[in-house]
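>>> this one's sequence-less:
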């Protein structure tokens, strides 16, 4: 799921939860408040009813007049009224209009002289007010002993039942209007939040993600705006910096490829000219060897340093002795090649490395390990498998290769001697047979060296290289 969709989903869920929570709290709070207000109005109305009844009783004692007063009050207030007489009043005046206690609450109010308030239903409130006698009541009312009633005695009750449905309906309507308005406000706020999040977070993150994805396709030309959010600003700057670095790396890589292509062409030109000068054919195998040489270790920087000190070298010589391990061939070739000045002779230096690589391969694989060149031609994998096996078996594994080298500013000479049976190099005469594997190897040595010499046994070869010749040609002498 995309970031924008996740944020929208989160905001939507939060908005829905907030709407339900606010609606619940608002409705419950307002309903409780309206109910409390309705009860307050009912209590005030009850007091007014009680006062009006007492005044009417004291002034007239006419029950019809009392009923008329109640009817007038019911026009402005929605309530029902019922009178309840106490035992002494029933004894004195009898029962009229069903004025006897009907519920336990009414009987309790007659005994306790306390106001009882009870909500029979969500829309019905019942208030029971006792009529407690005072000194004035003794003029008209008698107790059970037919004596004037004493103050503080409950003579009767006023049972008033209020219908709160109309008031609650009005309150519910107001609450619903408020909830609807608040819901609209919250939805608009959520949309505004989504818009702000999109412009300040989501869209910048999408731009950054698109730029990072473009790196895979090497699209480094990005136009990243300056963002106001601090964290996103840092991320955008890092992406921009990375793009600039990758673009520079791409440019350097392309330049290196072009430089390598130029070097390959130079090497190809040198090898082709040398083979043509020797009357040899430039075949596919030589082309592969040229590719191998062009992909050798880049010595451009190290050559500059070596060239600075090589001009002070008058003469140098040394000797290497190492076992018949085919994996050492590249390392020895590169090591020996490092001894040659190559400030402006990169092609010549690689030619020397390639010639040494070929001579070392012959000494180890064909000389000490005695693996036939014909097998290499027939089955290359079996050829190297046999070479690796013999490198661990006697008498082959105990044989060493000795490399003696000496050089000065004009000439470098490398003598490579193995402990194998040697070969009949005289059979190849002054030219190599390009149809035979060993013939092609000998052709490489002739093409890349200035002079090549074998001992009589054929287990030692000396390669000489002229370090003063032009970059694109090498003089050749074959003994």
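Okay, I see it. All figures in this text were calculated on a predicted structure; none of them were measured in a lab.
>>> look up phi and psi at residue 20.
phi -60, psi -40 (degrees, to the nearest 10).
>>> now do residue 150
According to degrees, to the nearest 10, residue 150 has phi -90, psi 160.
>>> with residue 379 instead?
Torsion angles, degrees, to the nearest 10, at residue 379: phi -150, psi 100.
>>> and what of residue 19?
Dihedral angles (degrees, to the nearest 10) for residue 19: phi -60, psi -50.
>>> from here on, call the first residue 34.
Sounds good: first residue 34 from here, last item residue 52.
>>> for burial, what's the neighbour tally of it?
As a burial measure, residue 52 scores 16 neighbours (other C-beta atoms under 10 Å). Bear in mind the C-beta positions are built from the backbone N, C-alpha and C, glycine included.
>>> state the distance from it to residue 134.
Going from residue 52 to residue 134 by C-beta to C-beta, to the nearest Å gives 50 Å.
>>> show me what counts as buried in stretch 441-449.
By 16 or more other C-beta atoms under 10 Å, the buried positions in stretch 441-449 come out as 445-449.
>>> filter those residues down to the ones in helices?
Among the buried residues of stretch 441-449, DSSP state H puts none in helices.
>>> and these, which of them are in strands?
Under the assignment DSSP state E, those contribute 445-449 to strands.
>>> so what's the gap between stretch 416-436 and the chain middle?
54 Å (C-alpha atoms, centre = their mean, to the nearest Å).
>>> give me the contact list for it.
352-359, 365, 369, 393, 396-398, 400-404, 408-409, 447-453 (C-beta atoms under 8 Å, 6 or more residues apart in numbering).
>>> of all the buried residues of stretch 441-449, which comes closest to residue 488?
Distance to residue 488, by C-beta to C-beta, is smallest for residue 448 among the buried residues of stretch 441-449, at 9.4 Å.
>>> so where's the stretch 284-433 of the chain shaky on pLDDT?
293, 296-297, 300-301, 303-304, 306-347, 372-381, 410 (pLDDT under 70).
>>> what do you get if the cut-off is 50, keeping everything else the same?
In the predicted model of the stretch 284-433 of the chain, residues 328-333, 375-377 satisfy pLDDT under 50.
>>> got the residue ranges for the strands in it?
Ranges of strands in the stretch 284-433 of the chain, per DSSP state E, counting those that start in this stretch, are 349-356, 433-440.
>>> closest one to residue 413 among those strands?
Among the strands of the stretch 284-433 of the chain, if distance is taken as C-beta to C-beta, the winner is strand 433-440, at 22.3 Å.
>>> for that closest one, buried residues please.
434, 436-438, 440.
>>> could those be laid out in CSV, adding pLDDT?
CSV is the format used below for the buried residues of strand 433-440 (pLDDT from 0 to 100):
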residue, pLDDT
434, 93
436, 92
437, 92
438, 89
440, 83
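>>> can you list contacts of stretch 74-83?
By C-beta under 8 Å, 6+ apart, stretch 74-83 touches 103, 106, 110, 112, 114, 150, 158, 160, 162, 164, 191, 193, 195, 197, 200.
>>> about what we covered before: output the strands of the stretch 284-433 of the chain as JSON lines; include the columns distance to residue 125.
Output for the strands of the stretch 284-433 of the chain, formatted as JSON lines (distance: least, C-beta to C-beta, whole Å):
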{"stretch": "strand 349-356", "distance to residue 125": "140"}
{"stretch": "strand 433-440", "distance to residue 125": "145"}
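>>> contacting residues around the closest residue to residue 149 other than its chain neighbours?
Counting by C-beta to C-beta, 6 or more residues apart in numbering, residue 149 lies nearest to residue 161, which is 4.3 Å off, once chain neighbours are set aside. Residue 161 sits next to 138-139, 142, 148-151, 190-193 when contact means C-beta under 8 Å, 6+ apart.
>>> now, which of these lie within strands?
Reading strands off the contacts of residue 161 with DSSP E, I get 149-151, 190-193.
>>> can you pick the most crowded of those?
Tallying neighbours with other C-beta under 10 Å puts residue 190 at the head of the ones in strands among the contacts of residue 161, with 25 neighbours.
>>> host element of the closest residue to it other than its chain neighbours?
Distances taken as C-beta to C-beta, 6+ apart put residue 117 closest to residue 190, at 3.9 Å, once the chain neighbours are dropped. According to DSSP states H and E, residue 117 maps onto strand 112-118.
>>> contacts for that strand?
Contacts of strand 112-118 (C-beta under 8 Å, 6+ apart): 75, 78, 82, 99, 103, 107, 126, 128, 130-135, 139, 143, 188-196.
>>> redo that, cut-off 6 Å
If you take C-beta atoms under 6 Å, 6 or more residues apart in numbering as the criterion, strand 112-118 is touched by 103, 132, 134, 139, 189-190, 192-195.
>>> and the residue lying closest to residue 126 once chain neighbours are set aside, how close does it get to residue 360?
Sequence neighbours aside, residue 118 is the residue nearest to residue 126 in space, at 7.3 Å (criterion: C-beta to C-beta, 6+ apart). According to C-beta to C-beta, residue 118 stands 124 Å off from residue 360.
>>> so which of these two has more stuff around it?
For residue 118 and residue 360, the more surrounded residue by other C-beta under 10 Å is residue 118, and the numbers stand at 22 against 9.
>>> can you pull up the bridge partners for that one?
Following DSSP bridges, residue 118 is listed with bridge partners residue 189.
>>> from residue 151, how far out is it?
21 Å.
>>> how about residues contacting stretch 135-143?
117, 119, 134, 149, 161, 163, 187, 190.
>>> for the stretch 134-283 of the chain, what spans make up the helices?
Under the criterion DSSP state H, counting those that start in this stretch, the stretch 134-283 of the chain carries helices at the ranges 137-145, 198-230, 236-249, 263-310.
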